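S.K.: Sequence and predicted structure below; questions after.
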Amino acid sequence: MGKQVSISNVTYGGKRLPLIAGPCVIESRAHSLEMAEAIKSITDRLNVPFIFKSSFDKANRSTVGSFRGLNMEEGLNILAEVKSEIGIPVLTDVHLPSQCQAVGKVVDVLQIPAFLCRQTDLLVAAGETGKAVNIKKGQFLAPGLMAHAAEKVASTGNDNILLTERGASFGYDLISDMTAIPKMQSLGYPVVFDATHSAQVPGNGAKIGLKAKNMMQPIEEVATVRTNDNLRKVIIDMTEKPQGAALVIDGDATLLGLITEGDLRRCLAENGDIDQMTVSEIMTSNPVAINIETSLKDTVSIMEDRESQISVLPVVKGDSNFCVGLLRLHDVYQTSGQREMIPTLAKAAVATGCDGLFLEVHDDPIKAKSDASTQWPLEQLEDLLITLIKIHKAVNG
């Protein structure tokens, strides 16, 4: 048996199968507390050791417009509340050496993102906090080379280290080689398997047959206005539903036009009177729109193959102009994934003998603000864990 790492009441390398789980990114205080309490209720029933995970900042987003999370101060305050109110250990990512001491004062585990697993200063700074450090293996790295990442943390005298496997780059996709688990275990540290990130298809949504309906923002989440509304109302509505544009519709949800943030900025720059000017004066009438069944490949062509690139497209249904949503350019380019493969990957990893599991979990994955395509639904978590526990018991006797 390799080294055991204890984090509060959770032990890695022991007889049970601990779970690191939570939303990819902190979306709000209420959401974090609700998710932590809901997951804890499930893991308590199943006697599964549980560490809550959520990030205050996702600094490795594919596009500059992607939601990154709350600021560090607010995020850490929320994690501190989760820890004290729900009574569970917490984990979050760090991206800079300067963040480690402040984060280490709040959380139980500092996580090193996969793309940063070779950053010496970051690894050393995380180790110097004395807190447990979870190092995610880079998609570009052979399993045995994680020895160097672990050595950098251990050089501080801190050997409370977890290593996490999350797939390897193969061309432009990820594959999961289960031999990575025993290879990393041979380095002397417990190995966690990240089943959700391993199901990603990085930047590859158009390739795997997704359609506009799979990635669009539903009309309920987008500001909708009428032609005679004044611009102050538009600004208020777009602030409440910040999708970068407002859809102009009539009473039957027929698409009449579009107003973008750029339209509003130009109006304000020209000293337009937002209380007197109406939507009809600045909207784009009869904007380019796409059908809900349009493939992402064709969507990309529509957006990019123009002299002036389109960043938002209204989505309509059928042959009519009945508006059902909005598709943004960074929706197209966000990391996509194969959620249905998460159980397969998790079962294989447990059968291989991993020391713990990592699952990003959300109560409404489609509306998640980060990694929507690979977060596991909360309502399906208990059934999945029951299966994984059975496999773990069969493997471990």
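M.R.: Received the coordinates, thanks.
S.K.: Could you report the neighbour count for residue 73?
M.R.: Here the number of neighbours of residue 73 (other Cβ atoms under 10 Å) works out to 10. (Each C-beta comes from the backbone N, C-alpha and C, glycine too.)
S.K.: Figure out how far the strand or helix carrying it is from the centre of its chain.
M.R.: Of the helices and strands defined by DSSP states H and E, residue 73 is found in helix 72-81. Centroid displacement of helix 72-81 relative to its chain, using Cα atoms, centre = their mean, to the nearest Å, is 18 Å.
S.K.: Going forward, count from 84.
M.R.: That works, and once the first residue is 84, the last one we named lands at helix 155-164.
S.K.: I'd like the next helix or strand past that helix.
M.R.: Towards the C-terminus, the helix or strand next in line after helix 155-164, according to DSSP H and E, is strand 173-176.
S.K.: so what does that next one touch, helix or strand wise?
M.R.: The criterion is 3 or more Cβ pairs under 8 Å, 6 or more residues apart in numbering; DSSP states H and E, and the helices and strands that strand 173-176 contacts are strand 133-136, helix 155-164, strand 192-195.
S.K.: redo that, cut-off 6 Å
M.R.: Strand 173-176 sits against strand 133-136, strand 192-195, with contacts defined as 3 or more Cβ pairs under 6 Å, 6 or more residues apart in numbering; DSSP states H and E.
S.K.: could you dump the ones you listed to CSV with mean pLDDT?
M.R.: CSV is the format used below for the helices and strands packed on strand 173-176 (pLDDT from 0 to 100):
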stretch, mean pLDDT
strand 133-136, 98
strand 192-195, 97
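S.K.: so what's residue 137 up against?
M.R.: Applying Cβ atoms under 6 Å, 6 or more residues apart in numbering to residue 137 gives the contacts 105-106, 109, 115.
S.K.: and if you look at residue 245?
M.R.: By Cβ under 6 Å, 6+ apart, the residues touching residue 245 are 217, 273, 275.
S.K.: Could you look up the SS state of the last one?
M.R.: Right, residue 275. strand (DSSP: H, G, I helix; E, B strand; the rest coil).
S.K.: Quick one: neighbours of it, just the number.
M.R.: There are 27 residues near residue 275, going by other Cβ under 10 Å.
S.K.: what does the second one give?
M.R.: By other Cβ under 10 Å, 23 other residues sit near residue 273.
S.K.: Tell me which other helices or strands the helix holding residue 156 touches.
M.R.: Judged by 3+ Cβ pairs under 6 Å, 6+ apart, helix 155-164 has no packing partners among the helices and strands.
S.K.: Farthest from the middle of the chain: give me that residue.
M.R.: Taking Cα atoms, centre = their mean, the residue of the chain most remote from its mean C-alpha position is residue 359, at 41.1 Å.
S.K.: returning to that earlier point: tell me which two of the contacts of residue 137 sit farthest apart.
M.R.: For the contacts of residue 137, the farthest-apart pair by Cβ to Cβ is 105 and 109; their separation is 8.9 Å.
S.K.: So between the two, which is more surrounded?
M.R.: The residue with the greater number of neighbours, taking residue 105 and residue 109 and applying other Cβ under 10 Å, is residue 105; the counts read 29 against 26.
S.K.: where are the low-confidence patches of this structure?
M.R.: Confidence mapping of the chain against pLDDT under 70 gives the ranges 84, 141-153, 255, 285-292, 387-392, 413, 415-419.
S.K.: Just the closest of the contacts of residue 245 to residue 326, please.
M.R.: Of all the contacts of residue 245, the one with the least separation from residue 326 (Cβ to Cβ) is residue 217, at 33.6 Å.
S.K.: helices or strands up against the strand or helix carrying the closest one?
M.R.: Using DSSP H and E, the element containing residue 217 is strand 215-219. Helices and strands touching strand 215-219, by 3+ Cβ pairs under 6 Å, 6+ apart, are strand 192-195, strand 244-248.
S.K.: could I get the ones you listed as CSV with distance to residue 403?
M.R.: Rendered in CSV, the data for those read as follows (distance: least, Cβ to Cβ, whole Å):
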stretch, distance to residue 403
strand 192-195, 48
strand 244-248, 48
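S.K.: Would you check that residue 295 makes contact with residue 374?
M.R.: No - the pair residue 295 and residue 374 fails to qualify as a contact (Cβ atoms under 6 Å) at a distance of 7.0 Å.
S.K.: So those two - more neighbours on which side?
M.R.: Higher neighbour count among residue 295 and residue 374: residue 295, with 24 against 17, using other Cβ under 10 Å.
S.K.: distance of the more buried one from residue 283?
M.R.: From residue 295 across to residue 283, the span is 20 Å (Cβ to Cβ, to the nearest Å).
S.K.: ditto for residue 468
M.R.: Between residue 468 and residue 283 the distance is 21 Å, computed by Cβ to Cβ.
S.K.: same thing with residue 341?
M.R.: Look at residue 341 and residue 283: by Cβ to Cβ, they are 31 Å apart.
S.K.: Now do the same for the residue farthest from the centre of the chain: helix, strand or coil?
M.R.: With three-state DSSP as the criterion, residue 359 reads coil.
S.K.: And for it, nearest residue in space, chain neighbours not counted?
M.R.: The spatially closest residue to residue 359, leaving aside those adjacent along the chain, is residue 313, at 6.8 Å (Cβ to Cβ, 6 or more residues apart in numbering).
S.K.: Show me the beta-bridge partners of that neighbour.
M.R.: Taking DSSP bridges as the rule, residue 313 bridges to residue 361.
S.K.: Tally up the residues packed near it, please.
M.R.: Other residues within reach of residue 313 by the criterion other Cβ under 10 Å amount to 16.
S.K.: swap in residue 250?
M.R.: Counted with other Cβ under 10 Å, residues neighbouring residue 250 total 23.
S.K.: what residues are up against it?
M.R.: Contacts were defined as Cβ under 6 Å, 6+ apart; by that measure residue 250 touches 257, 259, 281.
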